[in-house]
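Show me the folded form of this:
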Amino acid sequence: MRVFRSMRRGTYDEAELEKQLQNRGLMYRFFGKWMKSITREWQMYPVGVVFGMGFDTATEVALLATTALLASQHIPFYAILCLPVLFTAGMSLMDTIDGVFMNFAYSWAFFNPVRKVYYNLAITGLSVSICFFIGTIEVLGILPMEIGGLHSGFWNYMAGFDINKAGFVIVGMFIVTWGGALAFWKFGHVEEKWSAKLKHPPPAVATIDPESPN
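This next block holds a predicted model:
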């Protein structure tokens with residue numbers, strides 16, 4: 001937001017704007033040296049493995065528990081395998097769609113610094129909103145169990161809320177946010193207006209060497 005406001009005031013030229021964007025945020029001051037150590041595409045794979053181990057732990061535990069329960073009921077192993085296979089197929093499909101979309105989004109956003117500022121504002125705002133949404137649901141679901149007397153209809157609903165339903169809300173938030181951001185970008189002529197605020201370097205002046213034969 002600070003870079004955005006400075007850009008709107010015409011403080012930066014394009015090179016300085018790009019430099020400010022590379023400064024990142026608060027956490028980059030602590031972990032920047034590790035982020036700079038990633039210099040090859042293949043190095044993202046182990047990072048993704050570690051990230052997946054932490055991010056998908058709850059889902060994997062639930063899947064393993066369900067599979068173990070089915071195995072204890074003497075169900076054929078090939079029938080039990082259907083559950084993890086379907087789970088893997090669904091995750092692969094969604095991750096592939098997400099990867100294709102994000103590849104397009106990054107290619108568009110990194111075309112120039114103005115697009116990068118707009119993209120960061122949109123995606124960061126969406127991410128923060130989703131975090132607050134999920135966090136609020138979790139807190140409101142825990143309060144009835146920790147505080148006595150909260151047994152009205154609302155608190156009972158939050159205590160028994162199926163967190164999986166929040167996924168549909170998140171998908172809806174993505175669609176609405178991206179749709180609104182694209183419409184505002186196109187019809188609000190954002191790129192033309194924001195680019196006009198940037199300072200432009202003085203044009204290069206051709207000099208003539210008097211000793212040159214040309």
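
how far away is the spatially closest residue to residue 163 that is not a sequence neighbour from residue 166?
Ranked by C-beta to C-beta, 6 or more residues apart in numbering and with sequence neighbours excluded, the top spatial neighbour of residue 163 is residue 137, at 6.8 Å. Any C-beta I mention is one placed from the backbone N, CA and C, and that applies to glycine too. Residue 137 sits 6 Å away from residue 166, going by C-beta to C-beta, to the nearest Å.

Show me what the biggest helix by length in the chain is packed up against.
Taking DSSP state H as the criterion, the chain has its longest helix at helix 113-146. If you count contacts as 3 or more C-beta pairs under 8 Å, 6 or more residues apart in numbering; DSSP states H and E, helix 113-146 packs onto helix 2-8, helix 14-22, helix 82-109, helix 153-159, helix 165-187, helix 190-197.

can you put those in TSV and add distance to residue 129 and mean neighbour count?
TSV is the format used below for the helices and strands packed on helix 113-146 (distance: least, C-beta to C-beta, whole Å; neighbours: other C-beta atoms under 10 Å):
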stretch	distance to residue 129	mean neighbour count
helix 2-8	18	15
helix 14-22	22	15
helix 82-109	18	11
helix 153-159	19	13
helix 165-187	7	12
helix 190-197	20	14
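
Quick check: next helix or strand after the helix or strand bottoming out on mean pLDDT in the chain?
Ranking every helix and strand in the chain by mean pLDDT, DSSP states H and E puts helix 14-22 at the bottom, with a mean of 69. Sequence-wise, the next helix or strand downstream of helix 14-22 (DSSP states H and E) is helix 28-35.

just checking, next helix/strand downstream of that next one?
Next element after helix 28-35 (DSSP H and E): helix 44-55.
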